[in-house]
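S.K.: I would like to see how this sequence folds:
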Amino acid sequence: MAKIMPELRTKNRLVGGTAGNMERLTKNSSLAEFEAMNLSLTELYTRIKAYDDTGMEPGEIKEGIMNKSLFTSNCEDWRTPKELFDELNAEFHFVLDACASPENNLCTLYFDKETNCLDKSWNCGGAVFCNPPYGRKMVRFIKKAYEENKKGVTIVLLIPARTDTNYFHDYIYKQHEVRFIRRRLRFSGSNTDAPFPSMIVVMKGREYNA
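M.R.: So this is what the prediction gives:
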């Protein structure tokens with residue numbers, strides 16, 4: 001790994017954090033392990049960079065890299081398991097899916113990348129479900145949910161359980177109901193469990209405060 005680290009350190013000046021994660025990841029890994037993955041330096045780097053973006057721990061990074069099909073650097077969309085959505089929908093009766101696509105929308109009303117929920121009102125006359133794109137930009141969707149909830153809209157988020165993040169403390173902790181999901185979710189379309197824990201955040205709107 002000595003030949004890999006200098007290049008990662010150079011790139012680290014541009015993206016931040018990746019070389020540090022690489023060092024922690026490789027402490028308990030042999031060179032043979034990484035050679036067995038048959039990954040080029042670029043592939044290895046982009047996979048680790050992707051895990052940086054979702055805030056995963058080094059052990060989870062290693063788990064995901066060892067299973068190449070689980071996660072790639074351009075994967076931000078984790079499709080909600082139908083059973084989980086149906087359970088939540090029975091409780092909240094969603095009218096809007098805030099982060100969806102024409103192929104995977106869970107409600108008749110939905111926003112996709114083109115309609116962009118970040119600059120639209122989420123007040124559609126009922127509860128909103130939001131499984132946002134994961135990665136560094138996820139905080140923008142959580143902040144938007146927080147702002148829409150302040151206007152009285154009930155919003156239910158499915159996001160990674162990252163209690164050490166700024167957004168958790170700024171927009172969730174001690175303000176909204178948090179339901180931690182036992183074990184790792186298996187998102188729709190995946191053959192394996194997610195390499196990160198998940199939680200449901202319930203931001204109750206005006207109908208609960210009447």
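
S.K.: Break the chain into its domains for me.
M.R.: 4-66, 82-208 (automatic domain parsing).

S.K.: and stretch 89-106, which residues are buried?
M.R.: Neighbour-count burial for stretch 89-106, with 16 or more other CB atoms under 10 Å as criterion, is recorded at 89, 92, 94-100, 104, 106. Backbone N, C-alpha and C define where each C-beta goes, glycine included.

S.K.: still on that earlier bit, weakest of the domains of the chain by average pLDDT?
M.R.: The minimum mean pLDDT among these belongs to domain 4-66 (a mean of 47).

S.K.: For the buried residues of stretch 89-106, work out which two are farthest apart.
M.R.: 92 and 104 (18.8 Å; CB to CB).

S.K.: residue boundaries of the strands in this protein?
M.R.: 94-97, 109-110, 127-130, 155-160, 177-180, 198-203 (DSSP state E).

S.K.: Name the stretch from those that approaches residue 80 most closely.
M.R.: Once those are compared by CB to CB, strand 155-160 is nearest, at 6.0 Å.

S.K.: just checking, what packs against the closest one?
M.R.: Helices and strands touching strand 155-160, by 3 or more CB pairs under 8 Å, 6 or more residues apart in numbering; DSSP states H and E, are helix 82-92, strand 127-130, helix 138-150, strand 198-203.

S.K.: ok, now with 6 Å
M.R.: Helices and strands touching strand 155-160, by 3 or more CB pairs under 6 Å, 6 or more residues apart in numbering; DSSP states H and E, are strand 127-130, helix 138-150, strand 198-203.

S.K.: Note down every partner strand of it and its orientation.
M.R.: Next to strand 155-160 in the sheet, as set by DSSP bridges, lie strand 127-130 (parallel), strand 198-203 (antiparallel).

S.K.: winner for burial among the ones you listed?
M.R.: Across the strands paired with strand 155-160, the average number of neighbours (mean count of other CB atoms under 10 Å) peaks for strand 127-130, which reaches a mean of 26.

S.K.: So what touches it?
M.R.: Contact with strand 127-130 is made by 92, 94, 96-99, 122, 145, 153-157, as judged by CB atoms under 6 Å, 6 or more residues apart in numbering.

S.K.: Let's see that with 10 Å instead.
M.R.: With contacts defined as CB atoms under 10 Å, 6 or more residues apart in numbering, strand 127-130 is touched by 80, 85, 88-89, 91-100, 106-107, 109-111, 117, 122, 141-142, 144-145, 148-149, 153-159, 201-205, 207.

S.K.: ok, back up a step: with distance to residue 192 added, can I get the strands of the chain in JSON lines?
M.R.: Formatted as JSON lines, these follow (distance: least, CB to CB, whole Å):
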{"stretch": "strand 94-97", "distance to residue 192": "25"}
{"stretch": "strand 109-110", "distance to residue 192": "27"}
{"stretch": "strand 127-130", "distance to residue 192": "24"}
{"stretch": "strand 155-160", "distance to residue 192": "16"}
{"stretch": "strand 177-180", "distance to residue 192": "20"}
{"stretch": "strand 198-203", "distance to residue 192": "14"}
